[in-house]
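[1] Sequence plus the predicted model coming up.
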Amino acid sequence: MMEKIIFIGSTCNGKTYLTKAIVSQNRGVILYPDAEKQLIKEAVEFCERIAFEGFHDHKFIKQILSKDTAYNLTHVLCTFQEEPEWLTPVFVKKHNIKVFYLNRIPYVLP
């Protein structure tokens, strides 16, 4: 079964750091929106762990999250600065997605 994790939070709050820690193990790759579509499709076919970092077009991401048996992925991670409209409680529950809301830690003067 595919592990599906979504991190939501503003910039500089650790989303990328957490994503790298999870994906870097065992044939993982972090994909960025400027990558060629063919490269993204090949990564999904050949890798076990995939992370989508900074994507604004969510059509392919939604497809992967909703059809987990169609891929050989063990982990799919996504990072968003704002919660997408399609990420409803019903969608999350139906597709067994773990959503984490990360807040920036406030800077405390010494």
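    Thanks, I have it.

[2] Only C-alpha atoms from now on, for both contacts and neighbour counts.
    Noted.

[3] mind checking the SS state of the most centrally placed residue in the chain?
    By Cα atoms, centre = their mean, the mean C-alpha position of the chain lies nearest to C78, the distance being 1.3 Å. With DSSP: H, G, I helix; E, B strand; the rest coil as the basis, C78 sits in strand.

[4] Next one, pLDDT for it please.
    With respect to pLDDT, C78 scores 93.

[5] cool, E3 as well?
    On the pLDDT scale, E3 is placed at 91.

[6] try P110
    pLDDT for P110: 59.

[7] now do Y107
    Listed pLDDT for Y107 reads 59.

[8] residues contacting T19?
    51, 77 (Cα atoms under 8 Å, 6 or more residues apart in numbering).

[9] That one looks like it's in a helix, true?
    Yes - looking at T19 with three-state DSSP, it is inside a helix.

[10] where's it relative to P89, distance?
    According to Cα to Cα, to the nearest Å, T19 stands 22 Å off from P89.

[11] try Q63
    Distance, Q63 to P89, using Cα to Cα: 17 Å.

[12] cool, and V44?
    V44 is 26 Å from P89, by Cα to Cα.

[13] which of the two has more neighbours?
    V44 (21 against 10; other Cα atoms under 10 Å).

[14] Please identify the helix or strand for that one.
    Using DSSP states H and E, V44 maps to helix 37-46.

[15] which residues does K4 contact?
    Residues counted as contacts of K4 (Cα under 8 Å, 6+ apart) are 65, 75-77, 96-98.

[16] how far away is G14 from D68?
    For G14, the distance to D68 - Cα to Cα - is 26 Å.

[17] cool, F52 as well?
    According to Cα to Cα, F52 and D68 sit 15 Å apart.

[18] Over to V44?
    The value you get for V44 to D68, if Cα to Cα is used, is 11 Å.
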